[in-house]
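Visitor: sharing a sequence plus its predicted fold:
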Amino acid sequence: MASWKFIAVSTVCVFVFLSGNISGLDNGLVLTPPMGWLAWERFRCNTDCKNDPENCISDRLFRTMTDILVTEGYTAAGYEYINVDDCWLERERDERGRLVPDRERFPYGMKSLADYVHSKGLKFGIYEDYGNFTCAGYPGVVGHLSGDATTFASWGVDYVKLDGCYALPTDMDYGYPEFGRQLNLTGRQMVYSCSWPVYQIYAGLQPNFSSIIEHCNLWRNFDDIQDSWASVESIIDYYGNHQDVIVPNAGPGHWNDPDMLIVGNFGLSYEQSKTQFALWAILAAPLLMSVDLRTIRPEYKAILQNRKIIEVDQDPLGIQGRRIYKHRGIEIWSRPILPIQQGQFYSYAVAFVNRRTDGTPSDVAVTLRELGLSNPTGYRVEDLYEDVDYGVLSPQTKIKVKVNPSGSVVILRADAQPGYAFNAITTRTPYTPLNDVFRLTKK
Ligand code: GLA
């Protein structure tokens, strides 16, 4: 019975991987998921520059983060956007109805800040809200769609996150495309990040994903991330449990956004931080760090700058990965990536996650074929966090990884080899369902 179930699931996975060819918002931007820094999760709506000048939402904070992105190796690793979130505005528009940045906290205005970001070779993102107010109560864009799009273009904005507080979810099917249209009309290319589906899902509506894909470069499906492993787990579970609906929507230029990276903050252990980063890469997620780059510890910085995992996230195929196994606290997530051999055998990134809390590492042993890796000429397999090269393995080779408990990960990359690299495979092992190959000691 179990094996039938598994075979059925595998077939669906393969079908979805191979058929994910939806075309999206055609502004030529973010053909791989955007990477950058976003203020919200770490710095929230701290407007108290008198008592907390170094951490308040201000011109100074964003210039500082811009500098660090460049000097500390983040831009070299691919991080590109400096994104302002909520709480940058005055409470009122000006007499001509234009948005005004807080006069004390952004004394030089947003154009000056954008110019500074651009002068360092980076791109500048801003936050607004489709409704009457932003989530923190500042003026929203409704009633000012054209004017606000023009304002953003005149400031040199490269990326707009449009939230959905204080708006009717039923209005969003019109409002989000319309604001996107206004952005396009400015003639300035701006990445368009939408919160459209998440507000509709909360309201019990079924989002029209073909329209969302057509009009947005990325979109939120689920809750705001908070500084805890429980929050990361809830996001992982949501994406895993709804993957049949979510995964096919992703592709170059149009991405699901499971929210910011919280690596380097207070809530995750070192191992859990590695897991968030690995799974976000499997999910083809935007890599938007929300962390204090002035004080981040070196081991967390190393996670955020792990080139091998960034390469998985930025894989040009843009196919979002899936959870292919979940049983007794062990999960396996897998994402097809380049290179493809013989027009059909993908390479894969595979993450093994251990969410058990029984204190000791779990061994996970599985053949490549059981993971869906069946290229007859084999795969070169390496660990993306540890310096372990498994060499070229045939599909029937059983690999065994030791995964620490409490939210730890082992992430491998298996590159499909061309015909000449591995040709000694003549035998096939019988199929074994994945659920039978794990050696778990407890329920
Ligand atoms: C919403 C969004 C968050 C953040 C806040 C700002 O909750 O989902 O990402 O932008 O608003 O108020």
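Guide: Received the coordinates, thanks.

Visitor: can you list the low-confidence ranges for the stretch 1-150 of the chain?
Guide: By pLDDT under 70, the weakly predicted segments of the stretch 1-150 of the chain are 1-23.

Visitor: what residues does it have near the ligand?
Guide: For the stretch 1-150 of the chain, the residues in contact with the ligand (Cβ under 6 Å from any ligand atom) are 40, 85-86, 127, 134-136. Using the backbone N, CA and C atoms, a C-beta is placed for each residue, glycine as well.

Visitor: so which of those residues belong to strands?
Guide: Judged by DSSP state E, these include residue 127 as members of strands.

Visitor: mind giving me the packing neighbours of the biggest strand by length in the chain?
Guide: Determined from DSSP E, the single longest strand within the chain is strand 330-341. Applying 3 or more Cβ pairs under 8 Å, 6 or more residues apart in numbering; DSSP states H and E, we find strand 330-341 packed against helix 229-241, helix 270-282, strand 322-327, strand 345-354, strand 362-367, strand 408-416.

Visitor: show me the contact partners of the first one.
Guide: The set of residues that contact helix 229-241 without belonging to it, under Cβ atoms under 8 Å, 6 or more residues apart in numbering, is 221-223, 225, 246, 256, 258-259, 262, 267-269, 272, 275-276, 279, 283, 322-323, 326, 331, 333, 353, 355, 407.

Visitor: tell me who's in contact with the closest residue to residue 187 other than its chain neighbours.
Guide: Nearest non-adjacent residue to residue 187, counting by Cβ to Cβ, 6 or more residues apart in numbering: residue 153, 7.2 Å away. Contacts here follow Cβ under 8 Å, 6+ apart; on that basis residue 153 touches 183, 186-188, 190.

Visitor: okay, the residues you listed in CSV with neighbour count, distance to the ligand and pLDDT next?
Guide: Below are these laid out as CSV (neighbours: other Cβ atoms under 10 Å; distance: Cβ to the nearest ligand atom, whole Å; pLDDT from 0 to 100):
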residue, neighbour count, distance to the ligand, pLDDT
183, 25, 18, 98
186, 16, 23, 98
187, 7, 27, 97
188, 16, 22, 98
190, 24, 17, 98
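
Visitor: which one of those is nearest to residue 71?
Guide: residue 190 (26.7 Å; Cβ to Cβ).

Visitor: kindly reformat the helices and strands packed on strand 330-341 as JSON lines containing mean neighbour count, mean pLDDT and distance to residue 36.
Guide: Formatted as JSON lines, the helices and strands packed on strand 330-341 follow (neighbours: other Cβ atoms under 10 Å; pLDDT from 0 to 100; distance: least, Cβ to Cβ, whole Å):
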{"stretch": "helix 229-241", "mean neighbour count": "18", "mean pLDDT": "98", "distance to residue 36": "19"}
{"stretch": "helix 270-282", "mean neighbour count": "25", "mean pLDDT": "99", "distance to residue 36": "13"}
{"stretch": "strand 322-327", "mean neighbour count": "20", "mean pLDDT": "98", "distance to residue 36": "26"}
{"stretch": "strand 345-354", "mean neighbour count": "24", "mean pLDDT": "98", "distance to residue 36": "22"}
{"stretch": "strand 362-367", "mean neighbour count": "19", "mean pLDDT": "98", "distance to residue 36": "34"}
{"stretch": "strand 408-416", "mean neighbour count": "24", "mean pLDDT": "98", "distance to residue 36": "22"}
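
Visitor: residues contacting the residue nearest the centre of the chain?
Guide: By Cα atoms, centre = their mean, the mean C-alpha position of the chain lies nearest to residue 285, the distance being 2.0 Å. For residue 285, the contact set (Cβ under 8 Å, 6+ apart) comprises 33, 255-258, 313.

Visitor: swap the cut-off to 6 Å and go again
Guide: Residue 285 makes contact with 33, 258, according to Cβ atoms under 6 Å, 6 or more residues apart in numbering.

Visitor: domain assignment for the protein?
Guide: 35-314, 322-416 (the TED database).

Visitor: make JSON lines out of those domains and add distance to residue 29.
Guide: Shown next, in JSON lines, are the domains of the chain (distance: least, Cβ to Cβ, whole Å):
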{"stretch": "domain 35-314", "distance to residue 29": "5"}
{"stretch": "domain 322-416", "distance to residue 29": "21"}
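
Visitor: now the one residue in the stretch 151-300 of the chain that gets nearest to the ligand: closest residue in space that isn't a chain neighbour?
Guide: Taking Cβ to the nearest ligand atom as the measure, the stretch 151-300 of the chain has residue 224 as its residue closest to the ligand, at 4.5 Å. Nearest residue to residue 224 in three dimensions, chain neighbours excluded: residue 259, at 6.3 Å (Cβ to Cβ, 6+ apart).

Visitor: burial of the one you found, as a residue count?
Guide: Neighbours of residue 259 under the rule other Cβ atoms under 10 Å: 24.

Visitor: Provide the secondary structure category for it.
Guide: Following DSSP: H, G, I helix; E, B strand; the rest coil, the label given to residue 259 is coil.

Visitor: now do the strands in the stretch 151-300 of the chain.
Guide: Using DSSP state E, counting those that start in this stretch, the strands of the stretch 151-300 of the chain run over 159-163, 191-194, 218-220, 255-257, 287-289.

Visitor: I'd like to know which elements the last one is packed against.
Guide: This points to strand 287-289. For strand 287-289, the elements it packs on are strand 35-38, judged by 3 or more Cβ pairs under 6 Å, 6 or more residues apart in numbering; DSSP states H and E.

Visitor: quick revisit: what score does the residue nearest to residue 187 have for pLDDT?
Guide: For residue 153, the pLDDT comes out at 98.

Visitor: over to residue 396?
Guide: On pLDDT, residue 396 comes in at 97.

Visitor: tally of neighbours for it?
Guide: Using other Cβ under 10 Å: residue 396 sits among 16 other residues.

Visitor: now swap in residue 339 and tell me
Guide: There are 12 residues near residue 339, going by other Cβ under 10 Å.
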